[in-house]
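Colleague: Quick check, what structure comes out for this input:
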Amino acid sequence: MNTIGVLTSGGDAPGLNACIRSIVRACTYHGKRCVGIHNGFEGMIAGEFEDLSNESVSDIIRRGGTLLKSTRSTRFTTPEGRSHAREQLRGHAIDALILLGGDGSFSGARAFLAEHPFPLVAIPKTIDNDLAGTDASIGYDTACNTAMEAMDKIRDTAESHNKIFFVEVMGRDAGFIAFRSGLSVGAEAIYIPETHNNLDHLYSLIESNQAGRQHSILVVVAEGDEGGGAAQLAKDITTRYPHYDARVSILGHIQRGGSPSCADRVLASKLGVAAVQALADGFSNVMVGDINGEVRISPLSHGVKRRLNVTPELSQLLRILSA
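Modeller: Residues are numbered from 1 along each chain as shown. The predicted structure follows:
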């Protein structure tokens, strides 16, 4: 194995550049050539390859986005597209791949490997943190910090005017960002896809305010919440309390951007080096993750979607802190 290709696929996440830098430097350490594949699987089909060196990745550790760009590929969902991608790898003398991706990208990799056995190691990156095989995925910590900082500012406005704010964060299928960031800002209520909505606590807070106990209310809602998201919850509340002043803020894609946090830079650096080492040790069709602070190698088949496990302890924690 002389040449390792690296690509980023699916949605971007803070920390991707830190991981690319780590992979390139680990390849240099092991005496391997590193080739960057632009635009994910689509770039692999199109042959958008570029040699990477320590100099070309200098000072990118602090930057958001991805040096290699990312896009979704319809062609890669077909056997013909995957076959063409394999020919491109052969034509450019690439011997192994490192994929930075989420659940959809991992599924694409599994389909590719089923038809074209090839040395591949995957690294989990998704701000939603909804991949098994790791405690945290690249981008998650930064996204939580971004949401926290935004909600701290929203709380200032809410307190100034005694308003109720519904803040929607990303999390179509899992409530990791909503739950963690909501706890960090002292939200009065948090609604996530993993639980059934119970609005009784929120009703009692609003009725206490209307009775003269004026204070702000901050409600954090994951976009995949069963109630239909922040806008629908706010509509439901104002229908029940038509004179109550409710506002909605949807944080959206600001959670994907920005300079990665210290935790994401360290995680990305660890996993990048670990992926190159795994290939050097002969591993293939695996993912690297961080579990209890240590790098773990798991079969790629383990890298599937997961949801937040709302234990009785977590539920009790939220009840105590939102009282």
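
Colleague: which regions of the stretch 201-323 of the chain lie under the pLDDT threshold?
Modeller: Residues of the stretch 201-323 of the chain meeting the criterion pLDDT under 70: 210-214, 323.

Colleague: can you map out the helices along it?
Modeller: Secondary structure of the stretch 201-323 of the chain (DSSP state H, counting those that start in this stretch): helices located at 230-240, 262-280, 312-321.

Colleague: Out of those, indicate the one that is most buried.
Modeller: Most buried of these, by mean neighbour count (mean count of other Cβ atoms under 10 Å): helix 262-280, with a mean of 22. No exception for glycine: its C-beta is placed from N, CA and C like everyone else's.

Colleague: Distance from the chain centre to that one, please.
Modeller: For helix 262-280, the gap between its own C-alpha mean and the chain's C-alpha mean amounts to 16 Å (Cα atoms, centre = their mean, to the nearest Å).

Colleague: And the pLDDT for the residue nearest to P79 when sequence neighbours are not counted?
Modeller: Closest residue to P79 in three dimensions, ignoring its sequence neighbours and counting by Cβ to Cβ, 6 or more residues apart in numbering: E115, at 6.4 Å. E115 carries a pLDDT value of 96.

Colleague: ok, how many other residues are close to E115?
Modeller: E115: 11 surrounding residues under other Cβ atoms under 10 Å.

Colleague: how close does it get to G108?
Modeller: Taken as Cβ to Cβ, to the nearest Å, the spacing of E115 relative to G108 amounts to 11 Å.

Colleague: list the contacts for S53?
Modeller: With contact taken as Cβ atoms under 8 Å, 6 or more residues apart in numbering, S53 is in contact with V24, T28, C34.

Colleague: quick one: buried residues of whichever helix in the chain runs longest?
Modeller: Here the longest helix in the chain is taken by residue count, with DSSP state H as the criterion, and it is helix 140-161. Of all the residues in helix 140-161, those buried under the rule 16 or more other Cβ atoms under 10 Å are 140-148, 150-151, 154-155, 158.

Colleague: re the thing from before, make a PyMOL selection of the buried ones in the contacts of S53.
Modeller: In PyMOL, this line selects whichever of these come out buried by 16+ other Cβ under 10 Å:
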select buried, resi 24+28+34
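
Colleague: Going by distance to C262, which of the contacts of S53 wins?
Modeller: Taking Cβ to Cβ as the measure, C262 lies nearest V24 of the contacts of S53, at 20.8 Å.

Colleague: Point me to the helix or strand that includes the closest one.
Modeller: For V24, the element it lies in under DSSP states H and E is helix 16-29.

Colleague: Tell me the helices and strands packed up against the helix or strand hosting F165.
Modeller: With elements taken from DSSP H and E, the one containing F165 is strand 164-169. Contacts defined by 3 or more Cβ pairs under 8 Å, 6 or more residues apart in numbering; DSSP states H and E place strand 164-169 against helix 140-161, helix 176-184, strand 217-222, helix 230-240, strand 246-250.

Colleague: run the last query once more with 10 Å
Modeller: Helices and strands touching strand 164-169, as assessed by 3 or more Cβ pairs under 10 Å, 6 or more residues apart in numbering; DSSP states H and E, comprise helix 140-161, helix 176-184, strand 189-191, helix 200-210, strand 217-222, helix 230-240, strand 246-250.

Colleague: Output these as TSV; include the columns distance to G293.
Modeller: Compiled in TSV, those are given as follows (distance: least, Cβ to Cβ, whole Å):
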stretch	distance to G293
helix 140-161	14
helix 176-184	18
strand 189-191	27
helix 200-210	35
strand 217-222	27
helix 230-240	34
strand 246-250	34
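
Colleague: of the ones you listed, which approaches E168 most closely?
Modeller: Evaluated over those, closeness to E168 peaks at helix 230-240, with 3.6 Å, by Cβ to Cβ.

Colleague: Alpha carbons of that closest one, as CSV, please.
Modeller: As requested, the backbone C-alpha atoms of helix 230-240 are provided in CSV (Å, rounded to 0.1, in the frame of the first residue of the first chain):
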residue,chain,number,x,y,z
ALA,A,230,-40.4,25.1,16.7
ALA,A,231,-42.8,27.0,14.5
GLN,A,232,-45.6,24.5,15.0
LEU,A,233,-45.0,24.3,18.8
ALA,A,234,-45.1,28.1,18.9
LYS,A,235,-48.4,28.1,16.9
ASP,A,236,-49.9,25.5,19.3
ILE,A,237,-49.0,27.7,22.3
THR,A,238,-50.3,30.9,20.8
THR,A,239,-53.6,29.1,19.9
ARG,A,240,-54.0,28.1,23.5
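
Colleague: what's the angle from it to strand 246-250?
Modeller: Between the direction of helix 230-240 and that of strand 246-250, the angle (axes from the mean of the first three to the mean of the last three Cα atoms, to 10 degrees) works out to 170 degrees.
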